[in-house]
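> Need a 3D model of the sequence below.
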Amino acid sequence: MENAIDLGKKVERISTSKIELNELNPRKIIDEEADDRLLQSIYEKGIIVPLILFYDSHKNKYFLIDGERRFKCAQKLNLDVVPAYILEKKPTELENILLMFHIHMVRKDWSDIATALAIRGIKNQLGTDNVKDIAKYTNLKPYKIIKYLKILDYPQAILDKFLESEARGGENKLDTDTLVELSRPIRLLEDKYPDIYREFNKEKIVNIVIQKKKNGKIINNREIRFLTKILESDKKASVDRPQITKAIIHFFKNEDTTLPEVYDTFATSYFLINLVRKIEIVKKDLSVNLPIKKMSKDEFNGLISNLSGLKEFIESKIRDIKRSRP
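Below is the predicted model:
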């Protein structure tokens, strides 16, 4: 790939009529406000940073590696030629994607969705979902690769929705971390609650959560983790599945219902199961043969004092619980 990124030694002036967009560019939607600012800058000063192109001799056309926004502005301004560096040779599809990827990652001007779509192209060309292999080609940390792969697991309609939101920006910009947090509960619904998933698929669930966030019924993405806890409460807190199913459907169908409210209905079960586990640990620790003979007098007296205190506390707590029970 190294040879593919070698540029010509000088800036050339290329006719705009001979330049084509790169169909592998994942950023299909442009920020119109930023585009207008660039248009005004090019109108006043011309194109300062040359485009990067490669030449396809079979099509007798140049294709963009970098500079799509500058090129579109040149078209709007009816510029006949644009300055450009030309790659020494036509890149392969993998090299094509990687070149765009690295250029834009250095400038950090690709959104999460655009980056995820680039990762999709890279993994398709590599023929693997292996995180280490993708990381080697992209220089991204494995945890970031995992994040983008989770995003790619959603339908294209959802990706397009987030891509459009990223282009618009502003306060109502959709947060891609929502998709990441929803990944686990959606997988649990698919695997363990297929009846719910048939009624509420990925697209519906994402739209419900987006709307609840917009209405302030989900305060932050961390609250989505309550959904995972609820779905796993059959195993971790011995809650009946029909009860879980009813609670999840109620959350999805009622726009004012919050996840903490739903989770509270299971909180008692979680508390009791954890308390019982801790009691069993203490009982197990006390059931072993204590090394009484090896204890010093102070150690022995300390043990008896602590056990006596524990006994008094437990007896007092039992009386309180019995009195509070209607």
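
> quick one: contacts for Leu79?
By Cβ atoms under 8 Å, 6 or more residues apart in numbering, the contact list for Leu79 reads Thr16, Ile47. The way it works is simple: take the backbone N, C-alpha and C, and place the C-beta from them, glycine included.

> From Val49, how far out is it?
Separation of Leu79 from Val49 (Cβ to Cβ, to the nearest Å) stands at 15 Å.

> what does Val82 give?
11 Å.

> ok, these two, which is more surrounded?
Using other Cβ atoms under 10 Å, the more surrounded residue of Val82 and Val49 is Val82, with 24 against 10.

> check contacts around the closest residue to the more buried one other than its chain neighbours.
Spatial nearest neighbour of Val82, excluding adjacent residues (Cβ to Cβ, 6 or more residues apart in numbering): Ala74 at 5.0 Å. Contact analysis of Ala74 by Cβ under 8 Å, 6+ apart lists Thr16, Ile42, Ile47, Val82.

> quick one: the second one and Lys293, what's the gap?
This points to Ile42. Separation of Ile42 from Lys293 (Cβ to Cβ): 90 Å.

> Burial check on the closest residue to Ile218 other than its chain neighbours, number of neighbours?
Spatial nearest neighbour of Ile218, chain neighbours left out: Lys212 (4.5 Å); criterion: Cβ to Cβ, 6+ apart. A count of nearby residues for Lys212, using other Cβ under 10 Å, gives 22.

> What residues sit buried inside the helix or strand hosting Lys212?
Element membership of Lys212 [criterion: DSSP states H and E] is helix 202-214. Judged by neighbour count (16 or more other Cβ atoms under 10 Å), helix 202-214 contains these buried residues: Lys202, Ile205, Val206, Ile208, Val209, Ile210, Lys212, Lys213.

> That one - contacts with which helices or strands?
Using 3 or more Cβ pairs under 8 Å, 6 or more residues apart in numbering; DSSP states H and E as the contact criterion, the elements in contact with helix 202-214 are helix 156-168, helix 176-192, helix 241-253.

> to the chain's geometric centre, what's the distance from the first one?
What that stands for is helix 156-168. 14 Å (Cα atoms, centre = their mean, to the nearest Å).

> next one: the second one
Between the mean C-alpha location of helix 176-192 and the chain-wide mean there is a distance of 10 Å, by Cα atoms, centre = their mean.

> List of residues touching whichever helix or strand comes after that helix?
Scanning forward in sequence from helix 176-192 by DSSP H and E, the next helix or strand is helix 194-199. The contact list for helix 194-199 (Cβ under 8 Å, 6+ apart) reads Ile186, Leu189, Glu190, Thr245, Ile248, Ile249, Phe252.

> Output the helix holding Lys212 as CSV, nothing but the C-alphas.
C-alpha atoms of helix 202-214 as CSV (Å, rounded to 0.1, in the frame of the first residue of the first chain):
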residue,chain,number,x,y,z
LYS,A,202,-34.1,-3.1,16.5
GLU,A,203,-35.5,-0.1,14.5
LYS,A,204,-38.5,0.2,16.8
ILE,A,205,-36.5,-0.1,20.0
VAL,A,206,-34.0,2.6,18.9
ASN,A,207,-36.8,4.9,17.9
ILE,A,208,-38.6,4.4,21.2
VAL,A,209,-35.4,5.2,23.1
ILE,A,210,-34.6,8.2,21.0
GLN,A,211,-38.1,9.6,21.7
LYS,A,212,-37.8,8.9,25.4
LYS,A,213,-34.4,10.7,25.5
LYS,A,214,-36.0,13.6,23.6
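
> Make 54 the first number, not 1, from now on.
New numbering, starting at 54: the last item is helix 255-267.

> pLDDT averaged over it, what's the number?
Helix 255-267 comes out with an average pLDDT of 95.

> same deal with stretch 226-243?
94.

> Next, the buried residues of that stretch.
Using 16+ other Cβ under 10 Å as the burial criterion, the residues of stretch 226-243 that qualify are 227-229, 231-239, 241-242.

> which of Ile95 and Lys346 has more neighbours?
Ile95 (19 against 6).

> who are the neighbours in contact with the more buried one?
With contacts defined as Cβ under 8 Å, 6+ apart, Ile95 is in contact with Arg123, Cys126, Ala127, Leu130.

> so what's Ile198 up against?
By Cβ under 8 Å, 6+ apart, the neighbours of Ile198 are Ile172, Val184, Ile187, Ala188, Thr191.

> quick one: buried residues of the least confident helix or strand in the chain by mean pLDDT?
Least confident helix or strand of the chain, by mean pLDDT, DSSP states H and E, is helix 286-289 with a mean of 72. For helix 286-289, the neighbour count (16+ other Cβ under 10 Å) marks Ser286, Asp287 as buried.
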